[in-house]
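K.L.:
mind folding the following:
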Amino acid sequence: MIELEGLTKRFGTKVAVDHLSFRVRPGMITGFLGPNGAGKSTTMRMMLDLDNPTSGSVRIDGKHYRDLKEPLKYIGALLDAKAMHGGRSAYNNLLCLAQANRIPSSRVSEVLDVVGLSTVAGKKSKGFSLGMGQRLGIASALLGDPEILMFDEPVNGLDPEGIHWIRNLMKALAFEGRTIFVSSHLMSEMALTADHLIVIGQGRLLADTSMADFIQQNSRSFVRLRSPQQERLRDVLHQEGFAAVESGAGGTLEIDGATTEELGELAARHQLVLHELSAQRASLEEAFMQMTAASVEYHAHGTPGGAPSSAPPAPEPVPQWGQTYQSGKGA
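P.N.:
You can find the predicted model right below:
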């Protein structure tokens with residue numbers, strides 16, 4: 001378990017982290033979210049004693065990180081995949097970490113196999129692609145077989161197979177009862193991965209809740225109805241006390257405060273034909289934008305030419321995931 005109590009970090013007059021308190025519990029994947037400049041990286045660095053807090057404390061299984069004699073056996077972390085000696089091979093980078101923490105050298109080959117780098121174990125890491133470097137960083141986090149794992153942007157540079165692999169790896173580790181703490185800006189990926197969310201803005205805690213509750217509390221849910229008998233459907237809804245809002249062409253109606261079961265049964269009783277009956281819930285991205293709107297520090301305005309962009313960005317495709325995990329050798 002990771003415990004933060006009143007954690008604060010100031011850089012001159014700038015408050016990067018402001019009296020932050022929360023717990024990261026075992027047996028689940030906890031997502032760590034916040035806009036750019038929210039203090040996520042500073043918080044994670046203080047967890048590992050890379051930065052000293054101005055006040056407050058962080059404890060790893062009840063101890064400060066600096067008091068852990070062999071820290072990689074307690075907590076494995078990936079904060080910067082480039083933090084490797086480029087002149088050393090992948091194997092030797094991990095071997096140095098293993099020897100410093102009294103980890104058997106046999107473990108090096110094991111984790112290289114887990115992350116899919118066995119065939120390039122003898123190659124210098126400076127020649128690795130971004131995705132390969134990311135896999136090597138993940139291997140270093142796994143090296144001590146720790147009960148706690150921290151990942152900052154773990155899918156950065158990975159191809160779809162690699163994203164599928166790391167997602168299922170984290171799920172499998174959490175299922176074993178380990179503590180998984182992961183920070184990412186990819187909301188679509190976090191929605192598929194995290195069980196619990198810690199959200200911060202301007203260094204302060206905004207939310208500490210389950211994924212489902214976060215989306216429910218910070219977004220609108222409604223039922224969409226579409227019928228060729230629009231006027232009659234609207235009258236029936238009004239008679240039953242449901243407020244219907246028309247949305248778009250084709251007679252589409254949006255109804256708040258109702259379930260698909262209630263509305264389906266209502267339509268059946270009145271022999272109304274429905275072409276659509278669907279529950280609509282916001283995505284994690286939409287809920288996150290709603291929650292953090294007042295905490296965003298860096299705003300972009302329009303296109304480089306000065307004219308506002310009229311087209312919304314295309315959604316990022318996310319591969320589906322299965323029930324087991326298996327590493328491949330691609331970056």
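K.L.:
give the residue spans of the stretch 101-250 of the chain that score low on pLDDT.
P.N.:
Counting by pLDDT under 70, the stretch 101-250 of the chain contains low-confidence ranges at 219-220, 248-250.
K.L.:
kindly list the longest helix within this protein.
P.N.:
helix 160-175 (DSSP state H).
K.L.:
helices or strands up against the helix or strand just after that one?
P.N.:
Note on helix 160-175: by DSSP states H and E, the next helix or strand toward the C-terminus is strand 179-183. Packing contacts for strand 179-183, counted by 3 or more CB pairs under 8 Å, 6 or more residues apart in numbering; DSSP states H and E, involve strand 28-33, helix 40-47, strand 148-152, helix 160-175. Every C-beta, even on glycine, is put in place using the N, C-alpha and C of the backbone.
K.L.:
which one of these lies closest to G62?
P.N.:
strand 148-152 (11.9 Å; CB to CB).
K.L.:
strands along the chain, start to end?
P.N.:
2-11, 14-24, 28-33, 55-60, 75-78, 148-152, 179-183, 196-201, 204-210, 222-226, 244-246, 252-255, 276-280 (DSSP state E).
K.L.:
how about CSV for those strands, with distance to L68 and mean neighbour count added?
P.N.:
Output for the strands of the chain, formatted as CSV (distance: least, CB to CB, whole Å; neighbours: other CB atoms under 10 Å):
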stretch, distance to L68, mean neighbour count
strand 2-11, 13, 17
strand 14-24, 16, 18
strand 28-33, 20, 23
strand 55-60, 7, 17
strand 75-78, 8, 23
strand 148-152, 11, 23
strand 179-183, 15, 24
strand 196-201, 22, 23
strand 204-210, 25, 17
strand 222-226, 50, 21
strand 244-246, 56, 15
strand 252-255, 54, 19
strand 276-280, 47, 13
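K.L.:
those: which one's closest to K124?
P.N.:
Once the strands of the chain are compared by CB to CB, strand 75-78 is nearest, at 19.7 Å.
K.L.:
do you know how far H196 is from G27?
P.N.:
Distance, H196 to G27, using CB to CB, to the nearest Å: 10 Å.
K.L.:
quick one, domains of this protein?
P.N.:
Domains of the chain are assigned by automatic domain parsing as 2-216, 220-280.
K.L.:
would you format these as a markdown table with distance to M289 included?
P.N.:
Converted to a markdown table, these look like this (distance: least, CB to CB, whole Å):
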| stretch | distance to M289 |
| --- | --- |
| domain 2-216 | 9 |
| domain 220-280 | 13 |
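K.L.:
mind putting the strands of the chain in JSON lines, distance to L263 included?
P.N.:
Formatted as JSON lines, those follow (distance: least, CB to CB, whole Å):
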{"stretch": "strand 2-11", "distance to L263": "44"}
{"stretch": "strand 14-24", "distance to L263": "39"}
{"stretch": "strand 28-33", "distance to L263": "33"}
{"stretch": "strand 55-60", "distance to L263": "49"}
{"stretch": "strand 75-78", "distance to L263": "47"}
{"stretch": "strand 148-152", "distance to L263": "42"}
{"stretch": "strand 179-183", "distance to L263": "38"}
{"stretch": "strand 196-201", "distance to L263": "30"}
{"stretch": "strand 204-210", "distance to L263": "27"}
{"stretch": "strand 222-226", "distance to L263": "6"}
{"stretch": "strand 244-246", "distance to L263": "10"}
{"stretch": "strand 252-255", "distance to L263": "7"}
{"stretch": "strand 276-280", "distance to L263": "6"}
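K.L.:
so for N93, which of the ones you listed sits nearest?
P.N.:
Each of the strands of the chain has some distance to N93 by CB to CB; the shortest is strand 75-78, at 13.2 Å.
K.L.:
packing partners for that closest one?
P.N.:
helix 130-142, strand 148-152.
K.L.:
thinking again about what came up before, closest to L142 out of the strands of the chain?
P.N.:
That would be strand 75-78 among the strands of the chain, by CB to CB, at 5.8 Å.
K.L.:
mean confidence (pLDDT) on the closest one, please.
P.N.:
Averaged across strand 75-78, pLDDT comes to 91.
K.L.:
now do the end-to-end distance for stretch 262-276.
P.N.:
For stretch 262-276, the first-to-last residue distance is 14 Å (CA to CA, to the nearest Å).
K.L.:
done for today, thanks.
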